[in-house]
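Enquirer: Build me a model:
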Amino acid sequence: MANCIVNYGFSSFILIVWMGINIFLFVWFYLFYDLGEQFFYTRHILKSALPWARAPAAVLNFNCLLILLPVCRNLLSLLRGSFRCSRTMRKQLDKNLTFHKLVAYMIALMTAVHTIAHLFNLERYNNSRQGVYDELSTTLSNLDDTENTTYLNPVRITKRIKADEESGEL
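Expert: Numbering: from 1, shown residues only. Down below sits the predicted model:
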């Protein structure tokens, strides 16, 4: 048992801290966008797809920050030489590619979740623009539908389409 702790203790600790930070970021940003009052109207249009897009984005930012650290030779050389690492620490530093791969897998997973959530966002924006959902979603989508103004729904109706609708060509 003591050998297992010596051999894998530091690696396990690093993985637990890394997973803990990932879980914390996901939950924190999910709840921030799901419960925040400033996103009430956006949430009305997008439903739960808003926090499902934003939470993986936060995890992606963190993991993209980490992806290159395990393979940075200068940093590893500094840690090995300057700080007089113990044998256990050197052994853990030699497992840098495993951690690099784990971070890459997390990036791939969060990219898939983020992309799928944005596809749902696009569908919800488009349907609310067309009036498929309730009247409030349609009204929110049509807010400030003029040039050089801020708007809630990024799906825009161009002037040509509006002119064609008014003339009865569509």
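Enquirer: give me the low-pLDDT residue ranges for this protein?
Expert: 1-8, 73, 76-94, 145-170 (pLDDT under 70).
Enquirer: Helices of that one, start to end?
Expert: Using DSSP state H, the helices of the chain run over 2-35, 40-46, 49-66, 73-81, 87-93, 96-130, 135-142, 159-167.
Enquirer: Out of the ones you listed, which one sits most buried?
Expert: Among these, the stretch with the highest mean neighbour count (mean count of other CB atoms under 10 Å) is helix 49-66, at a mean of 19. Any C-beta I mention is one placed from the backbone N, CA and C, and that applies to glycine too.
Enquirer: how close does Leu97 sit to Val103?
Expert: Counting by CB to CB, to the nearest Å, the separation of Leu97 from Val103 is 11 Å.
Enquirer: which residues do those two both contact?
Expert: Taking CB atoms under 8 Å, 6 or more residues apart in numbering as the criterion, Leu97 and Val103 both touch Pro70.
Enquirer: and the closest residue to Gly131 other than its chain neighbours, what is it in contact with?
Expert: Leaving aside its sequence neighbours, Gly131 sits nearest to Thr138 (CB to CB, 6 or more residues apart in numbering; 4.5 Å). Neighbouring residues of Thr138 by CB under 8 Å, 6+ apart: Ser128, Arg129, Gly131.
Enquirer: so how far is Cys72 from the second one?
Expert: Translated: Arg129. Distance from Arg129 to Cys72, by CB to CB: 46 Å.
Enquirer: Then Arg124?
Expert: Applying CB to CB, the value for Arg124 to Cys72 is 41 Å.
Enquirer: same question, Ile14
Expert: From Ile14 across to Cys72, the span is 16 Å (CB to CB).
Enquirer: now Asn63
Expert: Asn63 is 15 Å from Cys72, by CB to CB.
Enquirer: Could you do Ser11 as well?
Expert: Ser11 is 18 Å from Cys72, where distance means CB to CB.
Enquirer: before we move on, what about Lys47?
Expert: Look at Lys47 and Cys72: by CB to CB, they are 41 Å apart.
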